[in-house]
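Colleague: Output the structure for:
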Amino acid sequence: MNKNIKIILGVSGSIAAYKAPEIVRRLREKGCSVKTAMTSAATRFIAPLTFQALTEQNVYLDSVSIPTSFGEKDSNKITHTDMTGEADAMLIAPATADIIAKIAHGFADDPVSVSALCLKKSTPLIIAPAMNPRMWEAEATQKNIEVLRSRKVIFIGPEEGEMACGDFGFGRMSEPEKIVSVTMRALSQSILKQKPLKVLILSGPTRESIDDVRFISNGSSGRMGAALAETIFESGHDVSVITGPAMIQPPQWVETIHIESAQEMLDAARTRDFDILISPAAISDFKPSKKMSGKKSKTEILTLELISTPDVFATLIAEKRKNNPPIKGISFSAEESFDDLERAITKAKAKGADGVVVNSAKESMGSETAKIKFINLDSNNVIEFESLPKKIAAKNIWNIILKM
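Modeller: So this is what the prediction gives:
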């Protein structure tokens, strides 16, 4: 998405309204312009001035208020029609049972419900419920949700947990990070001009057991795999992750399979269908020929015989291409010399990769940043990126893959 994304944030009267400013902050980090609409009940939980300061725009508080379209204060315009006509999406967070009922039945007597009613049919409406578990489970609420889902309204949550009142159950609003990520995905899918791609990411380190306690592994943090998962999810495509025991895990709302060893990663990946395989995983090259039982004493002399682990990437590409030749494979290669690409290219071609991301083994492993070179193995084109946060590097990598 290259254009300035315009989002209406509807805030209704729930204690969860205190999380809404964090939603605004994260949306603006994604490059979105945010306009806020509030019910009168919402203003009793959090002041409109908070949103005005965070969004740098006036807040829509009633049907005759002055603020109109995004970035404008023209009192000759009608607030709800101009604002909603420009919006790329509307997100209501928190959404009470009351506001859900109003939208389901077409009521429009407050800034949030009237904005929802005025949306263009093509504009995504995303709702993040927040209410007491009994209200969420009530037949009337569930019927209203069925009605809205039939109109392609997207629901995020609610989550299970303890409520402000002390009750426990489903009703907690999802966390801002998840709400914003799902909102960005909905925006991307609304303009996606192709069937979503199926992407499989192999991430993190693997562990090869020496005995019941010790293992062979490496310092991979899983940060690049997690960043790619978030990027691809928000781009509207379907992504799943198979990860070893990494410090940085993929977002909880992305389908994730947890494994330990290289063989377990291969076995799990064989069960998945994919159009694109991306492997930033630092998979152990060797494993003990035999796992010892128990925990060997420190005083004992320990001699290990190591054998090769399966080449997960090469095996998957070879097996999948027997039945599905068009699949793409992007491997990663951590090299001691960042300037000598010949070794990385030779390895990647032997694995059947279409592209390889080369990084410095010393600088990238476990780091928050990455200096990378992306090599298209068909064209031999090399694109180099200076040291960047891995979240930004992941976006650059994904954009290149989409153009291959």
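
Colleague: Quick check: the gap between Ser221 and Phe385.
Modeller: Using C-beta to C-beta, to the nearest Å, Ser221 is found at 19 Å from Phe385. (C-beta placed from N, C-alpha, C; glycine too.)

Colleague: neighbour-wise, which of those two wins?
Modeller: Neighbours were counted for Ser221 and for Phe385 using other C-beta atoms under 10 Å; Ser221 has more, 20 against 17.

Colleague: Which residues are in contact with the more buried one?
Modeller: When contacts are counted by C-beta atoms under 8 Å, 6 or more residues apart in numbering, Ser221 is found next to Gly204, Ala246, Met247, Ile248, Met365, Gly366, Ser367.

Colleague: element containing Ser331?
Modeller: strand 328-335 (DSSP states H and E).

Colleague: what's the following helix or strand after that strand?
Modeller: That would be, after strand 328-335 and using DSSP H and E, helix 342-351.

Colleague: picking up where we left off before, report the angle between the strand holding Ser331 and helix 342-351.
Modeller: With axes from the mean of the first three to the mean of the last three C-alpha atoms, to 10 degrees applied, the angle from strand 328-335 to helix 342-351 works out at 150 degrees.

Colleague: contacts for strand 328-335?
Modeller: Contacts of strand 328-335 (C-beta under 8 Å, 6+ apart): 224, 275-282, 313, 316-317, 341, 343-344, 347-348, 351-361, 364-365, 397, 401, 404.

Colleague: Which single helix of the chain contains the most residues?
Modeller: Using DSSP state H, we find that the single longest helix of the chain is helix 176-191.

Colleague: roughly how far out does it sit from the chain middle?
Modeller: Offset of helix 176-191 from its chain centre (C-alpha atoms, centre = their mean, to the nearest Å): 8 Å.

Colleague: Also stretch 16-33?
Modeller: Remark: stretch 16-33 is offset 16 Å from the chain centroid, using C-alpha atoms, centre = their mean.

Colleague: Could you do stretch 260-268 as well?
Modeller: Offset of stretch 260-268 from its chain centre (C-alpha atoms, centre = their mean): 24 Å.

Colleague: what is the mean pLDDT for that stretch?
Modeller: What stretch 260-268 shows for mean pLDDT is 96.

Colleague: How about stretch 47-62?
Modeller: According to the model, stretch 47-62 has a mean pLDDT of 92.

Colleague: Tell me which residues touch Gly352, please.
Modeller: Phe313, Ala314, Ile317, Ala318, Arg321, Gly329.

Colleague: one more time with 6 Å
Modeller: By C-beta atoms under 6 Å, 6 or more residues apart in numbering, the contact list for Gly352 reads Ile317, Gly329.

Colleague: Same question for Ile232.
Modeller: Val199, Val239, Trp398.

Colleague: same thing with Pro111?
Modeller: The contact partners of Pro111, taken as C-beta under 6 Å, 6+ apart, are Ala37, Tyr60.

Colleague: Kindly report the same for Lys19.
Modeller: Applying C-beta under 6 Å, 6+ apart to Lys19 gives the contacts Pro176.

Colleague: if I look at it, how far off is Leu187?
Modeller: Counting by C-beta to C-beta - Lys19 and Leu187 are separated by 20 Å.

Colleague: How about Asn324?
Modeller: 30 Å.

Colleague: Output the contacting helices and strands for the longest helix of the chain.
Modeller: helix 20-29, strand 89-95, strand 125-129, helix 223-234 (3 or more C-beta pairs under 6 Å, 6 or more residues apart in numbering; DSSP states H and E).

Colleague: With mean pLDDT and distance to Asp62 as added columns, please give those in a markdown table.
Modeller: Conversion of the helices and strands packed on helix 176-191 to a markdown table gives the following (pLDDT from 0 to 100; distance: least, C-beta to C-beta, whole Å):
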| stretch | mean pLDDT | distance to Asp62 |
| --- | --- | --- |
| helix 20-29 | 96 | 19 |
| strand 89-95 | 97 | 17 |
| strand 125-129 | 97 | 21 |
| helix 223-234 | 96 | 34 |
